[in-house]
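Q: no sequence for this one, just the structure:
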């Protein structure tokens with residue numbers, strides 16, 4: 001059930017919906033439902049959302065919001081996203097309270113993954 005005035009859905013652009021779906025299904029276990037040829041929705045991601053067909057992508061360099069995943073094994077998640085076709089754009093680095101890396105999925109959208117400092 002949706003809660004009043006809370007974030008409950010997020011959308012991203014993708015220039016190749018099939019590549020994006022394959023990446024997130026394999027790397028993170030997301031489940032997709034297509035709504036026509038130019039939109040797909042995802043679940044099983046912690047927050048529901050979708051991808052729409054467009055020749056655009058989101059990155060922090062262009063002012064885009066950064067969606068950050070949590071991992072209990074940062075190195076394993078790094079290996080997995082690389083094996084699934086991601087490009088690491090910021091290798092693992094430390095910050096107060098944790099460590100993280102940034103990657104772009106096959107259509108160029110930037111995401112990050114973090115873990116606690118003591119993991």
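A: In hand now; what should we look at? Given the structure is predicted, the values throughout are model-derived calculations rather than measurements.
Q: now the spatially most central residue of the chain, what's its secondary structure?
A: When C-alpha atoms, centre = their mean is applied to the chain, the residue found nearest the centroid is residue 111 (4.9 Å). In the three-state summary, residue 111 is assigned as strand, counting by DSSP: H, G, I helix; E, B strand; the rest coil.
Q: grab the longest strand from the protein for me.
A: Of all the segments assigned as strand in the chain under DSSP state E, the longest by residue count is strand 87-95.
Q: quick check: angle from the very next helix or strand once past that one to strand 87-95?
A: Next helix or strand after strand 87-95 toward the C-terminus (DSSP states H and E): strand 98-104. Calculated by axes from the mean of the first three to the mean of the last three C-alpha atoms, to 10 degrees, strand 98-104 forms an angle of 160 degrees with strand 87-95.
Q: could you list the residues in contact with the longest helix anywhere in the chain?
A: For the chain, the helix that runs over the most residues, judged by DSSP state H, is helix 17-28. The contact list for helix 17-28, computed with C-beta atoms under 8 Å, 6 or more residues apart in numbering, reads 12, 14, 30-32, 34, 38, 40, 42, 45, 51, 53, 69, 80-81, 84-86, 105-107, 109. In this view, the C-beta of every residue, glycine as well, is placed from N, C-alpha and C.
Q: leaving out the residues flanking it, which one is nearest to the residue nearest to the centre of the chain?
A: residue 67 (5.3 Å; C-beta to C-beta, 6 or more residues apart in numbering).
Q: kindly report the same for residue 60.
A: Counting by C-beta to C-beta, 6+ apart, residue 66 is the residue found nearest to residue 60 once chain neighbours are left out, at 5.3 Å.
Q: over to residue 71?
A: Nearest-residue entry for residue 71: residue 77, 4.1 Å, with adjacent residues in sequence omitted and distances by C-beta to C-beta, 6+ apart.
Q: got any ranges where this protein has weak pLDDT?
A: Confidence mapping of the chain against pLDDT under 70 gives the ranges 1, 119.
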